[in-house]
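Undergrad: Need a 3D model of the following:
(one chain, ligands or ions: 1)
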Amino acid sequence: MKYIVALDQGTTSSRAILINEKGELVGIEQKEFKQIFPKPGWVEHNPMEILSSQIKVFEDLIANNNVSFDSIISLGITNQRETIVLWDKDTGKPLYNAIVWQDKRTSNICEDIKKEGLEKYIKENTGLVVDSYFSATKIKWIIDNVDNVKNKIKKKKVLAGTVDSWLIYNLTSFKSHVTDFTNASRTMIYNIRTLSWDDKILDYLDIPKSILPKVLPSSSDFGTFEYKGFKIPIRGVAGDQQAALFGQACFDNGMVKNTYGTGCFLLMNTGKNMNLSSNGLLTTIACSTSNSVNYALEGSVFIAGAAIQWLRDSLKIIKNASETERISNSIDELENVYVVPAFAGLGAPYWDMYSRGAIFGLSRDTGRKHIIKATLESLAYQTKDIIDVMERDSNLKLKSLKVDGGACKNNYLMQFQSNLINSEVLRPKIIESTAMGAGYLAGISSSLWDKDKIVSNQKIDKKFNSKIDSIKRKILYKGWEKAVKRTLNWLEN
Ligand code: ADP
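TA: Now for the predicted structure:
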């Protein structure tokens with residue numbers, strides 16, 4: 001038996017999965033690593049720990065599944081996006097900790113970019129809104145604030161990259177300084193129209209192009225992992241959300257995946273059309289298996305599974321997340337009870353940081369179970385909000401919604417989701433879409449599989465179809481819209 005290994009370098013843990021040549025997931029290892037919070041709003045990782053934890057899970061995967069190194073055809077990598085590392089070209093040693101996507105230290109640099117009037121240019125050419133979330137201002141911060149980095153840059157001794165780039169440089173014994181289109185598209189310095197690093201933005205931020213990696217299609221030759229005398233080709237690379245879109249086999253226009261985790265991440269494949277959103281969605285590059293790229297629209301919900309955690313940890317009215325399914329099924333349909341979990345303001349399509357959470361429609365007989373059910377339903381309403389604007393921005397009609405992430409196991413939620421969007425919701429048997437996506441990309445460029453094989457490999461665990469009529473659907477959603485409206489601007493006078 002031959003295998004593909006996918007490394008999944010996430011925000012809180014490094015994982016490795018083993019996929020056999022039939023496309024079955026046969027092994028998995030995971031190791032958490034340290035989160036570093038030097039100051040309020042700052043989030044860092046130790047790049048050496050990212051690397052060592054990733055190698056450790058790789059070794060454990062091989063040892064625990066009794067596979068030989070020469071049975072591994074190739075390696076795929078997927079990673080936390082936007083997080084950035086700068087390192088010494090000769091020694092491979094990091095010049096500073098990795099600055100993580102959640103880190104807010106560069107908010108002031110972003111304000112300056114906006115004042116300079118660069119926002120429109122950045123949106124039109126990178127597909128992104130100006131925000132500290134993306135890599136660009138983090139790179140600038142390290143160059144401007146870490147001793148000796150400028151000097152080393154002059155001597156051409158500095159390299160920069162997202163986490164995939166950092167891993168590949170080390171795994172290939174410093175031979176490959178590369179990244180893929182999807183990761184590049186999250187840096188805010190990559191021009192997703194021309195497929196090149198953007199000189200105008202680089203000039204403004206004073207980031208030299210010489211420190212940046214070469215950008216390759218997600219399914220191509222990224223170099224060779226040299227390990228204990230074995231040579232394992234690295235053949236697939238993608239940022240986590242795009243890897244999940246690919247892992248869900250969303251290859252065609254209008255196909256959407258939603259990951260129901262702490263937040264929700266929705267991506268819609270828009271094919272060759274690069275649609276700029278009028279509703280605050282991001283435009284980004286989807287995984288490519290050739291030199292030309294596909295685009296995607298991306299939207300996220302800040303508080304999704306986190307609202308379920310709130311029921312458990314703050315309100316303490318449930319013991320675990322999964323009981324929300326049984327409780328929701330145990331009571332009648334809600335009449336006008338809505339929970340809007342705008343705990344940190346609202347994102348797309350409302351974009352109101354002054355909104356706050358609220359419960360609407362309480363009456364004498366409203367109890368704990370109603371609040372639980374309405375909170376669970378809020379995940380589906382927020383998802384519908386985003387799907388509606390994705391359809392408008394792309395002029396495409398949703399074909400079906402592929403789901404993954406922890407909360408997709410909830411059957412009540414999935415049925416309610418299908419009712420609301422009037423479209424089928426497909427939950428695959430393997431919900432490890434992210435790592436599978438990276439594995440598929442590697443398998444394709446190693447000529448092990450093609451896209452048809454991946455589609456046929458997708459075993460559906462459960463398909464949900466709408467069980468309500470359009471009048472009912474309208475009434476439900478109207479109530480949600482009314483509730484959201486009443487939370488807007490809550491913190492303003
Ligand atoms: P992340 O990767 O963001 O940590 P996961 O994909 O592991 O998240 O999903 C965990 C989230 O999903 C948690 O916020 C949890 O509250 C929620 N969750 C997990 N299982 C269920 C369930 N059966 N019903 C509803 N929510 C759930």
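Undergrad: so Asn294 makes contact with Asn273?
TA: No. Judged on Cβ atoms under 8 Å, Asn294 makes no contact with Asn273 at a distance of 9.1 Å. All C-beta spots, glycine's among them, are computed from the backbone N, C-alpha and C.
Undergrad: Of these two, which one has the most company?
TA: Applying other Cβ atoms under 10 Å to Asn294 and Asn273 shows that Asn294 carries more neighbours, namely 24 against 14.
Undergrad: what's the closest residue to the ligand within the stretch 251-400 of the chain sitting at in phi/psi?
TA: Proximity of the stretch 251-400 of the chain to the ligand (Cβ to the nearest ligand atom) peaks at Gly305, 2.3 Å away. Per-residue torsions, Gly305: phi -60, psi -30 (degrees, to the nearest 10).
Undergrad: How about the contacts made by it?
TA: By Cβ atoms under 8 Å, 6 or more residues apart in numbering, the contact set of Gly305 is 260-263, 321, 379, 405-407.
Undergrad: do that again at 10 Å, thanks
TA: Gly305 makes contact with 259-264, 321, 379, 405-408, 410, according to Cβ atoms under 10 Å, 6 or more residues apart in numbering.
Undergrad: could I get those as CSV with pLDDT and secondary structure?
TA: As requested, the contacts of Gly305 are exported to CSV (pLDDT from 0 to 100; DSSP: H, G, I helix; E, B strand; the rest coil):
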residue, pLDDT, secondary structure
Thr259, 95, strand
Tyr260, 95, strand
Gly261, 90, coil
Thr262, 87, coil
Gly263, 89, coil
Cys264, 93, strand
Ala321, 96, coil
Leu379, 98, helix
Gly405, 90, coil
Gly406, 90, helix
Ala407, 95, helix
Cys408, 96, helix
Asn410, 98, coil
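Undergrad: Quickly find the element holding the nearest residue to Gly236 once chain neighbours are set aside.
TA: Here the nearest residue to Gly236 in space, its sequence neighbours aside, is Leu441; by Cβ to Cβ, 6 or more residues apart in numbering that works out to 2.8 Å. Using DSSP states H and E, Leu441 sits in helix 433-445.
Undergrad: The stretch 201-350 of the chain: strands as residue ranges?
TA: With DSSP state E, counting those that start in this stretch applied, the stretch 201-350 of the chain shows strands at 214-216, 224-227, 230-239, 256-260, 264-271, 282-286, 294-301, 338-340, listed in chain order.
Undergrad: Could you see whether the ligand lies near the fifth one?
TA: Read it as strand 264-271. No. For strand 264-271, no contact with the ligand is found by Cβ under 6 Å from any ligand atom; the gap never falls below 8.9 Å.
Undergrad: helices or strands next to that strand in the packing?
TA: Applying 3 or more Cβ pairs under 10 Å, 6 or more residues apart in numbering; DSSP states H and E, we find strand 264-271 packed against helix 240-247, strand 256-260, strand 282-286, strand 294-301, helix 368-394, strand 401-404.
Undergrad: Please repeat the previous calculation with a cut-off of 8 Å.
TA: With contacts taken as 3 or more Cβ pairs under 8 Å, 6 or more residues apart in numbering; DSSP states H and E, strand 264-271 sits against helix 240-247, strand 256-260, strand 282-286, strand 294-301, helix 368-394.
Undergrad: Residue most distant from the centroid, this structure?
TA: Arg364 (41.6 Å; Cα atoms, centre = their mean).
Undergrad: and this structure, which residues reach the ligand?
TA: Neighbours of the ligand within the chain, by Cβ under 6 Å from any ligand atom: 261-262, 305-306, 308-309, 321-322, 324-325, 405-407, 409-410.
Undergrad: From Pro217, how far off is the closest residue to Glu298 other than its chain neighbours?
TA: Leaving out its chain neighbours, the residue that sits closest to Glu298 by Cβ to Cβ, 6+ apart is Leu282, at 4.5 Å. Separation of Leu282 from Pro217 (Cβ to Cβ, to the nearest Å) stands at 21 Å.
Undergrad: try Phe464
TA: 34 Å.
Undergrad: where does the stretch 151-300 of the chain dip in pLDDT?
TA: Residues of the stretch 151-300 of the chain meeting the criterion pLDDT under 70: none.
Undergrad: low-confidence ranges in the stretch 1-150 of the chain?
TA: Using pLDDT under 70, nothing in the stretch 1-150 of the chain is flagged.
Undergrad: Tell me which stretches of it form helices.
TA: 47-64, 107-115, 119-126, 136-145, 149-154 (DSSP state H, counting those that start in this stretch).
Undergrad: Quick one: distance of stretch 2-15 to the chain centre.
TA: Put simply, stretch 2-15 sits 15 Å off its chain's centre (Cα atoms, centre = their mean, to the nearest Å).
Undergrad: CA-only coordinates of that stretch, as CSV, when you get a sec.
TA: The C-alpha trace of stretch 2-15 is given here as CSV (Å, rounded to 0.1, in the frame of the first residue of the first chain):
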residue,chain,number,x,y,z
LYS,A,2,1.2,3.5,-0.8
TYR,A,3,0.3,6.6,1.2
ILE,A,4,0.1,10.4,1.2
VAL,A,5,0.8,12.3,4.4
ALA,A,6,-0.9,15.6,5.0
LEU,A,7,0.6,18.0,7.6
ASP,A,8,-2.1,20.3,9.1
GLN,A,9,-0.3,23.1,10.9
GLY,A,10,-3.2,24.8,12.8
THR,A,11,-3.4,27.7,15.3
THR,A,12,-3.3,25.7,18.4
SER,A,13,-1.9,22.3,17.3
SER,A,14,0.1,20.5,14.6
ARG,A,15,-1.5,17.5,13.1
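Undergrad: Quick check: chain neighbours aside, which residue is closest to Cys264?
TA: In this structure, Cys264 finds its nearest non-sequential neighbour in Val301, 3.9 Å apart by Cβ to Cβ, 6+ apart.
Undergrad: OK, contacts around that neighbour?
TA: Val301 sits next to 263-264, 266, 347, 379, 382-383, 386 when contact means Cβ under 8 Å, 6+ apart.
Undergrad: Help me confirm that Ile122 comes into contact with Phe134.
TA: No. Look at Ile122 against Phe134 with Cβ under 8 Å: they stay out of range, at 9.4 Å.
Undergrad: which residues are common contacts for those two?
TA: Common neighbours of Ile122 and Phe134, counting by Cβ under 8 Å, 6+ apart, are 128, 188.
Undergrad: Can you give me the separation between Lys319 and Ile331?
TA: Look at Lys319 and Ile331: by Cβ to Cβ, they are 18 Å apart.
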